[in-house]
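# Could you work out the structure for the sequence below:
(chains A and B)
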Number of protein chains: 2
Amino acid sequence: MMTPPFFVGPGLDRADPLRARPEAIARLASDPRAKALAWADGAPALDEAGRLRWGPAGGDEPLFLGFDADRSPCFSALPQGQVETTGSARFQLLGQLGDTEAPLFAAALSLANWHRRHGFCSVCGDRTAPNRGGWSRACATCSAEHYPRVDPVVIMLAEHEGRLLLGRQPQYPEGRYSALAGFVEPGESLEGAVARELKEEAGIDVTGVTYLASQPWPFPSSLMIGAFARAEHDELTIDRSELDDARWFTRADVAASLAGEEGAAFLPPPRFAIARSLLDWWLAAA
Amino acid sequence: MMTPPFFVGPGLDRADPLRARPEAIARLASDPRAKALAWADGAPALDEAGRLRWGPAGGDEPLFLGFDADRSPCFSALPQGQVETTGSARFQLLGQLGDTEAPLFAAALSLANWHRRHGFCSVCGDRTAPNRGGWSRACATCSAEHYPRVDPVVIMLAEHEGRLLLGRQPQYPEGRYSALAGFVEPGESLEGAVARELKEEAGIDVTGVTYLASQPWPFPSSLMIGAFARAEHDELTIDRSELDDARWFTRADVAASLAGEEGAAFLPPPRFAIARSLLDWWLAAA
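Prediction:
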């Protein structure tokens, strides 16, 4: 059994049925407990304790996120600016974020990211406007309604005779290795995407594919789907356009790396990445 | 262990690395074995044996689907017309489609569906053009690249003390009951989406959620993710805006329904729906 990855948990009642009732949302916006999310550098702003920062709701925030654990109605303006989706700024942000607020952070950021890149109708090219409390955008010209993207990504550990395949992407910090990953394509099953990505990136054929856990990843709008696969052989053919490197690591390698031992074989993925949860699971599994 | 649902299987080598090489795709288009998918009523056309119909590739089809089982390069024009995404036309089509060609059918239809609704750039509103063998669209005005949508949907069986919760949507044929389902939202895990949908649609609280199987569903671009959940109680509060009805069924009810017995409690979902695979699994599980 896996422990839930970062970003997964309670803390946000999305109150979906209210979204179809703009008058109810307007009433909630004038509730004295209504609050509006603060943003900084394109992402939800955090205080020094890693908690989300809020201000009073002004009544004109187009995003109705739902109710938080205290049953306060949570709103947001459409933020300006882009959050960096790779590299150190993102990692610094997530290093500060507390576990309990991570689910609300993920929902707000993912939704905002989608609005930022969907101001126009993909069907007719005209401008769209937020609808349904900000959980869709509507085109008045062609009547199309557009819903936020959630992009499924498979991320997987492949094992061969007790050793684990990990790779490093060019943008990783020095020494880091992590689980291989890739977007699920139209017409593919999750299991098919796992097999295809392992074959493409590392030349590996797999037999069984097992689901392990999932995690929303709001950079910008992914749903990470963690899996485990049995490799049929250990001969690697690495796609150097995708990966700097890929290697097999022993259980002792992984244990030392997760423990942060000096001289360990690799630098593991950070605690907020599902890849880290997958490695923890693999090490704990007998 | 589940048997793979319909639409899942080999039969299409997507040849992803070729997509970045337009000159290689152009060479394949003039290969004597290259073939172009025929379309009818907005969907891939089928012959009387339920196989995909193909014609010679003309060299100007913008979609490069990949290689089929015979290593023939498979292309497609952008089809005209919409396939009906609910109701009898779709079911008639799928009733004719053979298992082995279903994966290619799903990939082609899902990709085409996306192109049909994404002729314009969501970032700037200008026209976009197919790119990367039709697996993306590029905007020359703002340089945005857009990738096909794959919309994850959770579809789940909930069990309470040996009985199974199934519901019926308004558009179902008379007597049909099936697994409850709903789109995964931004910021949600699969497990969170399963729990939310069961609570919203049927008022059910769940404890454990287990992944079972996945299936691409090209009407228009879903990825169905099948799950099993343990319900904490059996008291139903049905959302009548979503469901006509929801009920608990015994193992005997499900067995008789799947066997097509006269007077069975409900009409089961068709063989090509993952819901049917989930019911088969549940009945076979001890």
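# can you pull out the helices in the stretch 101-250 of chain A?
Counting by DSSP state H, counting those that start in this stretch, the stretch 101-250 of chain A has helices at residues A:102-116, A:190-202.
# Could the C-alpha coordinates of stretch A:274-284 be exported in PDB?
Extracted in PDB, the C-alpha atoms of stretch A:274-284 (Å, rounded to 0.1, in the frame of the first residue of the first chain):
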ATOM      1  CA  ILE A 274       5.200  11.200  -7.000                       C
ATOM      2  CA  ALA A 275       8.500   9.600  -8.200                       C
ATOM      3  CA  ARG A 276       9.800   9.800  -4.600                       C
ATOM      4  CA  SER A 277       6.600   8.100  -3.300                       C
ATOM      5  CA  LEU A 278       7.100   5.300  -5.900                       C
ATOM      6  CA  LEU A 279      10.700   4.800  -4.800                       C
ATOM      7  CA  ASP A 280       9.600   4.800  -1.100                       C
ATOM      8  CA  TRP A 281       7.000   2.100  -2.000                       C
ATOM      9  CA  TRP A 282       9.500   0.000  -3.900                       C
ATOM     10  CA  LEU A 283      12.000   0.100  -1.100                       C
ATOM     11  CA  ALA A 284       9.400  -0.800   1.500                       C
END
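# tell me the mean pLDDT for that stretch?
For stretch A:274-284, mean pLDDT rounds to 97.
# And the pLDDT for the residue of the stretch 151-286 of chain A found nearest chain B?
At 2.7 Å from chain B, residue A:187 is the closest residue in the stretch 151-286 of chain A, using C-beta to the nearest C-beta. For the C-beta atoms, the positions are set from N, CA and C on the backbone; glycine is no exception. Looking at residue A:187, its pLDDT reads 97.
# Which residue, other than its chain neighbours, is closest to residue A:111?
residue B:186 (4.9 Å; C-beta to C-beta, 6 or more residues apart in numbering or on different chains).
# The one you found against residue A:148, yeah?
Yes: if you go by C-beta atoms under 8 Å, residue B:186 and residue A:148 touch, sitting 4.9 Å apart.
# on that earlier part again, can you give me the neighbour number for the residue nearest to residue A:111?
26 (other C-beta atoms under 10 Å in any protein chain shown).
# How about the contacts made by residue A:106?
A:7, A:216-218, B:186-187 (C-beta atoms under 8 Å, 6 or more residues apart in numbering or on different chains).
# Can you tell me the closest non-neighbouring residue to it?
That would be residue B:187: by C-beta to C-beta, 6+ apart, it lies 4.0 Å from residue A:106.
# quick one on the thing from earlier: tabulate the helices of the stretch 101-250 of chain A (TSV), appending mean pLDDT.
Compiled in TSV, these are given as follows (pLDDT from 0 to 100):
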stretch	mean pLDDT
helix A:102-116	96
helix A:190-202	97
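# need the ones you listed in TSV with distance to residue B:3, can you?
Formatted as TSV, the helices of the stretch 101-250 of chain A follow (distance: least, C-beta to C-beta, whole Å):
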stretch	distance to residue B:3
helix A:102-116	34
helix A:190-202	12
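# so what sits against both of residue B:186 and residue A:148?
What both residue B:186 and residue A:148 touch, as defined by C-beta under 8 Å, 6+ apart, is the set A:110-111, A:114, A:221.
# So which of those is surrounded by the most neighbours?
Of the shared contacts of residue B:186 and residue A:148, with other C-beta under 10 Å as the count, residue A:110 tops at 26 neighbours.
# Relative to residue B:96, how far out is it?
Residue A:110 is 39 Å from residue B:96, where distance means C-beta to C-beta, to the nearest Å.
# now residue A:74
49 Å.
# more crowded one of these two?
Counted by other C-beta under 10 Å, residue A:74 and residue B:96 do not tie: residue A:74 has more neighbours, with 27 against 12.
# element containing the closest residue in space to that one that isn't next to it in sequence, please.
The spatial neighbour of residue A:74 that comes closest, neighbours along the chain excluded (C-beta to C-beta, 6+ apart), is residue A:65 at 4.2 Å. Using DSSP states H and E, residue A:65 maps to strand A:63-67.
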